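K.L.:
Please work out how this folds:
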Amino acid sequence: MTNTPEKEAVIVTVKAVPSLFDELAAATQAMMPETREFPGCIEAHLLLAPEREEMVIFQIWESSEAQSAYLTWRAERGDFERLGELIHDEQIFRTYTLG
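P.N.:
Next up is the predicted model:
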């Protein structure tokens, strides 16, 4: 058995502040190209449910370390703080090891 890093899937469910869904979706969509280009990102998708004012971010990373580096980078830039003003409830953030 090799010691290669295990790929990590991330699923984040986000509810928008009522009436701010379009703004949140647009801001998140604008971030997707940078996410896809970040070292270690294999896939990044944004799933929208405007009728529920909800979106899901789905990502696959080469390793948990790559995903962690991405989160640190976003936090240092202040991206999460800006988006936080548009988010209604606590985000549901789940990670899974790809089998």
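K.L.:
Quick one: the strands in the chain, in order.
P.N.:
8-15, 41-49, 54-61, 92-97 (DSSP state E).
K.L.:
Who are the packing partners of the third one?
P.N.:
Contacts of strand 54-61 with other secondary structure elements, assessed using 3 or more CB pairs under 8 Å, 6 or more residues apart in numbering; DSSP states H and E, are made with strand 8-15, helix 21-37, strand 41-49, helix 64-77. Yep, even glycine has a C-beta here, placed from its N, CA and C like the rest.
K.L.:
Which among these is found nearest to residue 88?
P.N.:
strand 8-15 (4.4 Å; CB to CB).
K.L.:
counting contacts, what elements does the lowest-mean-pLDDT helix or strand in the chain pack onto?
P.N.:
For the chain, counting by mean pLDDT, DSSP states H and E, helix 79-84 ranks last in confidence among helices and strands (a mean of 85). Counting contacts by 3+ CB pairs under 8 Å, 6+ apart, helix 79-84 is packed against helix 21-37.
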